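Enquirer: okay, sequence plus prediction incoming.
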Amino acid sequence: MPLSPADVTQLAAVDAAGAARVLSEVRSARLSGRPAPLAPRPVIEQSWGRMLRSGVDPDHAFRAGLLSRDEVQRRREATALRHVLPVLREGLLSVADVAHHIMVVADEDGRVLWREGDRPVLRKADGIGFELGADWREDVVGTNGVGTPAVVRRPVQVFAAEHFVRTHTTWTCAGAPITDPRDGRLIGVVDVSGPLETMHPATLAWVDSVAKLAEARLRELHLTSLERLRAVAAPVLARLTGRAAVVDRDGWTAAVSGMMPYTNRIALPKSLTAGPRRLPPFGQCTVEPLAGGWLVRVAEGPEAGGGARIVLDLAHPHRRSVTVSGGAGSWTHELSPRHAELLYLLAVERGGRSAAALAGELFGDPGRTVTVRAEMSRVRRYLGGFLEHRPYRFHEDAEIEVLLPEDPRDLLPHSTAPAVAGERAFDDTP
C-alpha cells in the first residue's frame, strides 16, 4: 500500500533516516519528470513549482553576497524585530541549544540578522551559507524554513529532501513568519534549524507559538507607546481650538480633539517634516513635532507656514541650537556648525538668499550650489514649513531672534565662511 504525505510525517517521528530516504526518492523523481512514489505535501509541491518556474538550480547552491557588518547592524537597529528578540531567545534558544538546533531570525527581505545556538551546528550552517547577513529568500536559495514561510505567510517545516537544493537536504528547518500586529505587514521570520537527525514533529508548533508571543509583545509595545503619547497630547490638545490629532511617527492615532473624526491611522509621508502639509482625507494641515509623534492640525481656512517664534542661539562658542515655540509647545534642536552658519545668514537677511549667494558667503565660491541645496534639504527636515525657498528664507510670519556672543570674535569661532569671518572681524569700538 503506497505511503501518503501524512504517513511520511509520522514515519519521520520514529525513523528520520527512513523518511529522508523516501523523500529523496520523491524529490529525485519529481525533478527528473518520473512518477514519484508519493506526492509531496501541498506546501512543498507548490514551492517546488515556484522554484522550477524561477530557474533555481536544484543541484548547485547559489549564494548571494553577504551583507557587511555595518549593514547588518543598521538593519538590526531599524527593524521592529529587535524589540522581540528577548521573547524569541527565551522561548526558543535554551531548548534549541540542548536539541542541537540553531535559532535564526531574518528580516522581511530574507536577510539573516541574528543566528544563535549550538556551536557545532553553527559551523555546519556556515558550510551551506546559512550565515549572518546571508540572503535566504526562497527564490534565491530554494525551498527552506526562512524563505518559504515568508512567501506563504504561515509556519512551514521543511524536512530533509523537501529542500529544493540538494546541499540543504541533510537539514530540517521549521520557520514561522512574524507580522506587524497593527497592519499585518511581514517584518521577518524566525526559524529553528538543525541536522536531519535532530528533527522532531512538535518543532513547528513550538516555533509558531513563540512567533505568536513575539507578535503579542509587539502589540503590547504599540499600545503602551500610544498611551504614553496620549499623556503628552492631553495638555496640548486642551489648549487648541479646531480639529486636531496626535499620532505616533507611523501615523497611528493616539488622541483627537474638536470635531476631528477618529481614524486608526493617518497616512503620513515617508519623510515627514514640520510645517504645512496636505494629508488625505483632511486636506491642508499643519504638522508639528511632539515627543514620540506629531501634532496634526487641520486648517480651517488659509494656513500660513509661520506663526512661530524661532530663537537661534549662537551665544555659546561651542554650542549652537535653534528653539521653535508654536502651538505644540517648544522644542530645541542642536545645530551642526554648517547648519548654524546657514541659519545665521538667513536670520540676518530676512529677504532671503539664493543658493549661489549662500555658496559665495559660505565657501567664497558661488558655484557650490549643490552642497548648499543638500545642506538646506537637511535643515528642512526639522524646520520644515518655517523655511521657504527660491530664495531660501524664513517664513515672513515667523518671529526670529538671534542670540549672539558678547564678544563678536566668539561668533561661530571655527567657521571659515567669508560672511561669518567678516562679522567676527567687524568691531565698531574706536
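Expert: Good, I have the coordinates.

Enquirer: give me the phi and psi angles of Ala99.
Expert: phi -90, psi 10 (degrees, to the nearest 10).

Enquirer: wait, doesn't it sit right on Thr198?
Expert: Yes - under the criterion of C-beta atoms under 8 Å, Ala99 makes contact with Thr198 at 5.8 Å. Where you see a C-beta, it was placed from the backbone N, CA and C, and this is true even at glycine.

Enquirer: poorly predicted segments of the stretch 201-350 of the chain, please.
Expert: Applying pLDDT under 70 to the stretch 201-350 of the chain flags the ranges 300-307, 326-330.

Enquirer: now with 80?
Expert: 201, 258-259, 261-262, 271, 280-283, 300-308, 317, 324-331 (pLDDT under 80).

Enquirer: residue ranges of the helices in it, please?
Expert: Using DSSP state H, counting those that start in this stretch, the helices found in the stretch 201-350 of the chain span residues 203-238, 337-348.

Enquirer: quick one: these as TSV, columns for mean neighbour count and distance to Thr172 too.
Expert: Shown next, in TSV, are the helices of the stretch 201-350 of the chain (neighbours: other C-beta atoms under 10 Å; distance: least, C-beta to C-beta, whole Å):
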stretch	mean neighbour count	distance to Thr172
helix 203-238	17	8
helix 337-348	20	55
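
Enquirer: let me have these in JSON lines, adding distance to Asp407 as columns.
Expert: Converted to JSON lines, the helices of the stretch 201-350 of the chain look like this (distance: least, C-beta to C-beta, whole Å):
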{"stretch": "helix 203-238", "distance to Asp407": "39"}
{"stretch": "helix 337-348", "distance to Asp407": "16"}
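
Enquirer: among the ones you listed, which comes closest to Phe386?
Expert: Among those, the nearest to Phe386 by C-beta to C-beta is helix 337-348 (10.3 Å).

Enquirer: strands along the stretch 301-430 of the chain, start to end?
Expert: Applying DSSP state E, counting those that start in this stretch to the stretch 301-430 of the chain gives strands spanning 309-316, 319-326, 329-334, 387-388, 393-394, 399-403.

Enquirer: format the ones you listed as CSV; extra columns: distance to Asp183 and mean neighbour count.
Expert: Formatted as CSV, the strands of the stretch 301-430 of the chain follow (distance: least, C-beta to C-beta, whole Å; neighbours: other C-beta atoms under 10 Å):
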stretch, distance to Asp183, mean neighbour count
strand 309-316, 36, 18
strand 319-326, 31, 18
strand 329-334, 29, 14
strand 387-388, 33, 20
strand 393-394, 38, 20
strand 399-403, 41, 13
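
Enquirer: out of those strands, which comes closest to Arg115?
Expert: strand 329-334 (37.5 Å).

Enquirer: how about Thr170: what's its closest non-neighbour residue?
Expert: Leu196 (5.2 Å; C-beta to C-beta, 6 or more residues apart in numbering).

Enquirer: how many residues are close by that neighbour?
Expert: Look at Leu196: counted by other C-beta atoms under 10 Å, it has 17 neighbours.

Enquirer: shift numbering so it begins at 194
Expert: Got it, the first residue is 194 from now on, which makes the last one we talked about Leu389.

Enquirer: does it touch His356 like I think?
Expert: No - judged on C-beta under 8 Å, Leu389 makes no contact with His356 at a distance of 10.4 Å.

Enquirer: show me what stretch 240-256 is in contact with.
Expert: 223-224, 233, 321-322, 327, 331-336, 341, 344-345, 357-361 (C-beta atoms under 8 Å, 6 or more residues apart in numbering).

Enquirer: so which residue is dead centre in the protein?
Expert: For the chain, Ala271 is the residue whose C-alpha lies nearest the centre (C-alpha atoms, centre = their mean; 4.0 Å).

Enquirer: how close does it sit to Arg304?
Expert: Per C-beta to C-beta, to the nearest Å, Ala271 is found 12 Å from Arg304.

Enquirer: swap in Pro342?
Expert: In terms of C-beta to C-beta, Pro342 sits 15 Å off from Arg304.

Enquirer: Val349 now?
Expert: Shown here: Val349 relative to Arg304, a distance of 19 Å by C-beta to C-beta.

Enquirer: more neighbours: which of the two?
Expert: Here Val349 and Arg304 are compared on neighbour count by other C-beta under 10 Å; more neighbours surround Val349, at 30 against 22.

Enquirer: for the closest residue to Val489 other than its chain neighbours, list each beta-bridge partner.
Expert: The shortest distance from Val489 to any non-neighbouring residue, by C-beta to C-beta, 6+ apart, is to Ala438 (4.8 Å). Beta-bridge partners for Ala438, by DSSP bridges, are Val449, Val489.

Enquirer: Ala438 and Gly444 touch, don't they?
Expert: No - in this structure Ala438 lies outside contact range of Gly444 using C-beta under 8 Å: 9.7 Å.

Enquirer: number of nearby residues for the residue nearest to Val489?
Expert: Around Ala438 there are 27 residues (other C-beta under 10 Å).

Enquirer: also the one 4 residues further on?
Expert: Residues within reach of Arg442, counting by other C-beta under 10 Å, total 14.

Enquirer: and it, what does it touch?
Expert: Counting by C-beta under 8 Å, 6+ apart, Arg442 has contacts 485-487.

Enquirer: try 7 Å
Expert: Contacts for Arg442 (C-beta atoms under 7 Å, 6 or more residues apart in numbering) come out as Gly486.

Enquirer: how close does it get to Arg346?
Expert: Applying C-beta to C-beta to Arg442 and Arg346 gives a distance of 26 Å.

Enquirer: dump the strands of the stretch 494-623 of the chain into CSV; add distance to Pro228 as well.
Expert: Output for those, formatted as CSV (distance: least, C-beta to C-beta, whole Å):
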stretch, distance to Pro228
strand 502-509, 78
strand 512-519, 74
strand 522-527, 70
strand 580-581, 72
strand 586-587, 78
strand 592-596, 82
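
Enquirer: to Leu411, which of those lies closest?
Expert: Using C-beta to C-beta, these put strand 522-527 closest to Leu411, at 28.2 Å.

Enquirer: how long is stretch 532-552 end to end?
Expert: 13 Å (C-alpha to C-alpha, to the nearest Å).

Enquirer: what does that stretch rub up against?
Expert: Contacts of stretch 532-552 (C-beta under 7 Å, 6+ apart): 505, 507, 513, 515, 528, 554-555, 558-562, 565-566, 568-569, 572, 584-587, 593, 595, 605, 608, 610, 612-613.
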